[in-house]
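# sequence first, then the predicted structure, then my questions.
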Amino acid sequence: MSAHFSVSNAAEVDMRLGTWLDLLVTWNAKHDLTAARSEGELLDLMLADAYALSAHLPEGARVVDIGSGAGAPGLPLALIRPDLKVTLVEPLAKRVSFLRTVVGAVGRIDIQLHRGKAADVASSPTKWDIALSRATFSPAEWLACGKTLVDPDQGSIWVLLAREEPPVLEGVELRDTLTYEWPNQGRARRAVRYAPVKAA
Ligand SMILES: C[S@@+](CC[C@H](N)C(=O)[O-])C[C@H]1O[C@@H](n2cnc3c(N)ncnc32)[C@H](O)[C@@H]1O
């Protein structure tokens with residue numbers, strides 16, 4: 001898959017990411033949004049997967065992130081790649097309030113927030129170009145769920161992995177694998193892209 005996107009103003013992106021992370025640290029004192037125990041761990045957890053994916057998504061793609069929690073990876077992706085049309089799906093009210101606060105603070109009200117579960121959006125007719133999720137389902141469960149969310153003609157499901165083997169599912173095929181590290185902790189990561197198999 002080739003990536004086409006405009007490079008946005010890096011200082012502006014950094015400022016918006018900084019606003020999100022500052023709010024996260026403040027809210028985390030009361031609301032259990034992240035288990036990160038150091039600044040390096042927080043930066044890895046919140047930013048590294050989004051940066052790895054950011055160079056590999058087509059321009060203007062409709063992206064859904066299921067189980068966004070404090071935002072990763074969908075929110076930083078939206079901030080790094082303002083051309084993407086991002087929807088964050090999260091069932092817990094406090095987390096949705098946090099995400100709403102961030103979206104307002106960074107002036108990105110185009111980022112859609114949906115309070116609900118994966119099953120709620122899967123049952124709607126809306127389909128996305130890219131489906132993402134991290135630390136919400138097992139890789140196999142996520143691949144099966146993601147398949148129901150994407151456009152069968154042009155959609156992709158990304159599965160984010162640590163040491164697990166990439167899942168296998170009938171009706172989707174593995175198309176790309178990115179390997180990278182969370183820089184501060186040196187943890188090996190893989191992001192694997194699947195696409196629905198087109199009927200012959
Ligand atoms: C461990 S957190 C991961 C948050 C974030 N994706 C990350 O990696 O930092 C899992 C999140 O998924 C949400 N969640 C749990 N079950 C879900 C479901 N069926 N559909 C959507 N979100 C769900 C939880 O409320 C929680 O915020």
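Sure thing, it's come through.

# from now on I want contacts and neighbour counts done on CA atoms only, so please keep to that.
Will do.

# any idea where the helices of this structure begin and end?
Per DSSP state H, the chain carries helices over the ranges 10-31, 39-43, 49-54, 74-80, 93-105, 118-122, 139-149.

# so which of the ones you listed is nearest the ligand?
helix 118-122 (3.9 Å; C-alpha to the nearest ligand atom).

# any residues touching the closest one, and which ones?
For helix 118-122, the external contacting residues (C-alpha atoms under 8 Å, 6 or more residues apart in numbering) are 66-67, 89, 145, 148-149.

# list the contacts for Asp44?
182-185.

# filter those to the buried ones?
Taking 16 or more other C-alpha atoms under 10 Å as the criterion, what is buried in the contacts of Asp44 is Trp182.

# from the contacts of Asp44, which land in strands?
Trp182 (DSSP state E).

# need the residues of the protein near the ligand, please.
Proximity of the chain to the ligand (C-alpha under 6 Å from any ligand atom) is limited to residues 66-72, 89-92, 117-118, 133-136.

# of those residues, just the buried ones, PyMOL syntax please.
The PyMOL command for the buried members of those (criterion: 16+ other C-alpha under 10 Å) is given here:
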select buried, resi 66+67+68+69+70+71+72+89+90+91+118+133+134
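
# from the residues of the chain next to the ligand, which land in strands?
Among these, the residues falling in strands (DSSP E) are 66, 89-90, 133.

# ok, so of the residues you listed, who is nearest Met46?
Distance to Met46 across these (C-alpha to C-alpha) is lowest for Ser133, with 13.0 Å.

# before we move on, the earlier item: and the contacts of Asp44 as a markdown table, adding pLDDT?
Conversion of the contacts of Asp44 to a markdown table gives the following (pLDDT from 0 to 100):
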| residue | pLDDT |
| --- | --- |
| Trp182 | 96 |
| Pro183 | 93 |
| Asn184 | 95 |
| Gln185 | 94 |
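
# which ones are touching the residue lying closest to Gly116 once chain neighbours are set aside?
Spatial nearest neighbour of Gly116, chain neighbours left out: Pro91 (4.2 Å); criterion: C-alpha to C-alpha, 6 or more residues apart in numbering. Contact analysis of Pro91 by C-alpha under 8 Å, 6+ apart lists 67, 115-117.
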